[in-house]
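Colleague: Take a look and give me a structure for this.
(one chain, ligands or ions: 1)
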Amino acid sequence: MRDHAIRVHEHGGPDVLRWEAVDVGDPGPGEVRVRHTRVGVNFIDTYHRSGLYPVELPSGLGLEAAGVIEAVGAGVSDLDPRLREGQRVVYAMGAPGAYATRRVMAAATLVPLPDDVSDADAAASFLKGLTVQFLVRRCHPVAPGDAVLVHAAAGGVGLLLCQWAKHLGATVIGTAGSEAKAALAREHGADHVIRYESEDFVARTRELTGGEGVAAVYDGVGAATFDGSLRCLRPLGMMVSFGNASGPPPAVEPRRLAQLGSLFFTRPTLYTYTRTRADLLRMADDLFAVMGSGAVRATIGQTSPLAAARLAHEALEGRATTGATLLDPA
Ligand SMILES: NC(=O)c1ccc[n+]([C@@H]2O[C@H](COP(=O)([O-])OP(=O)(O)OC[C@H]3O[C@@H](n4cnc5c(N)ncnc54)[C@H](OP(=O)(O)O)[C@@H]3O)[C@@H](O)[C@H]2O)c1
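Modeller: Numbering: from 1, shown residues only. Down below sits the predicted model:
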């Protein structure tokens, strides 16, 4: 059977995704060929497709997949002797192109999968889980007793974030767009869930924290929540703006941070936090440890055939998904 990939020739809506036959070839120095078993869908894929984040066209799409190494190029064993033919691996980041049956890619982004993590769970939680790792351990290291606010708490990142923050001892306040999503977030560690479509989430967060405000807001929703998020923080609180699901957030003036209580502000990317292989492996170990202990579970909300990636994008952008979305290349 020939290999296939989803390719983008022009920016636009989900209908610009094209299912094409591709020649995969052999790995060069520092590269491996991977056969994908599950592909992870992430909101950033929609930004690459739409052009919100620039990519050179034509382009592949997707940053995350699990699979098996089929062939290894020169020098890979010096980088990591575990990266051999037959090794199960997962990755998140590198050049877009994960929406493919197989691909040749840089070995440096691959991480060997522990036996107790399935390919599906890995593809559902690697990019999102590494993101949560730096959110709860680095951007604002969550401490027992902290109250934190997690927007889109029933989403792919959201469910992992609720669980990990709860595991670290936080009181987790989530927001969600429906009652079913609110229930799911509660099942994954949220102590309180605010229906932000119908409730004033700033007033409710203040009420839930006795007027004090939260220690950190993790905001991947962006435009729709950004200003309110700043107003939910306690003095010296940390605003973590890490995404644009509802559109890019507005600019923030330094004096506004002063007026709201000497706030801290960061706009982190997984790319920066995993910029060395040592960082990537350390963060992956931390993620696999919390998954292995059962403290953090992957939640696969929906799976589509890889060729139907368009439907997966429509659902993700239409707020019709919960947890992680996978594509099945079989
Ligand atoms: N900075 C980084 O390195 C990094 C890494 C990974 C992810 N991210 C960001 O994290 C966020 C979550 O990513 P994800 O892949 O896990 O997606 P997701 O949270 O599963 O999906 C996005 C959710 O955002 C909420 N939302 C609110 N307003 C929306 C709107 N106008 N359009 C679409 N969704 C809206 C929806 O939940 P409700 O219906 O409950 O409101 C929706 O389900 C994204 O912003 C992504 O870019 C950033």
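Colleague: The helix or strand hosting residue 124 vs the ligand: in contact?
Modeller: For residue 124, the host element (DSSP states H and E) is helix 119-134. Yes: against the ligand, helix 119-134 shows contacts by C-beta under 6 Å from any ligand atom at 128, 131. Where you see a C-beta, it was placed from the backbone N, CA and C, and this is true even at glycine.
Colleague: For that helix, enumerate the helices and strands it packs against.
Modeller: strand 31-41, strand 64-72, strand 88-92, helix 156-167, helix 270-273, helix 277-292, strand 300-305, strand 324-328 (3 or more C-beta pairs under 8 Å, 6 or more residues apart in numbering; DSSP states H and E).
Colleague: Comparing these, which stretch has the densest surroundings?
Modeller: Burial among the helices and strands packed on helix 119-134, expressed as mean neighbours by mean count of other C-beta atoms under 10 Å, is greatest for helix 156-167, which shows a mean of 27.
Colleague: how distant is that helix from the center of its chain?
Modeller: Taking C-alpha atoms, centre = their mean, to the nearest Å, one finds helix 156-167 lying 11 Å from the centre of the chain it belongs to.
Colleague: elements contacting it?
Modeller: In terms of contacts (3+ C-beta pairs under 8 Å, 6+ apart), helix 156-167 is packed against helix 119-134, strand 147-150, strand 171-176, helix 179-187.
Colleague: CA-only coordinates of that helix, as PDB, when you get a sec.
Modeller: Backbone C-alpha positions of helix 156-167 (Å, rounded to 0.1, in the frame of the first residue of the first chain) are rendered in PDB as follows:
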ATOM      1  CA  GLY A 156      -7.100  18.000  25.600                       C
ATOM      2  CA  VAL A 157      -4.700  20.100  27.600                       C
ATOM      3  CA  GLY A 158      -7.400  21.000  30.200                       C
ATOM      4  CA  LEU A 159      -8.200  17.500  31.500                       C
ATOM      5  CA  LEU A 160      -4.500  16.700  31.900                       C
ATOM      6  CA  LEU A 161      -3.900  20.100  33.600                       C
ATOM      7  CA  CYS A 162      -6.800  19.600  36.100                       C
ATOM      8  CA  GLN A 163      -5.400  16.200  37.100                       C
ATOM      9  CA  TRP A 164      -1.800  17.300  37.400                       C
ATOM     10  CA  ALA A 165      -2.600  20.500  39.300                       C
ATOM     11  CA  LYS A 166      -4.900  18.500  41.700                       C
ATOM     12  CA  HIS A 167      -2.200  15.900  42.100                       C
END
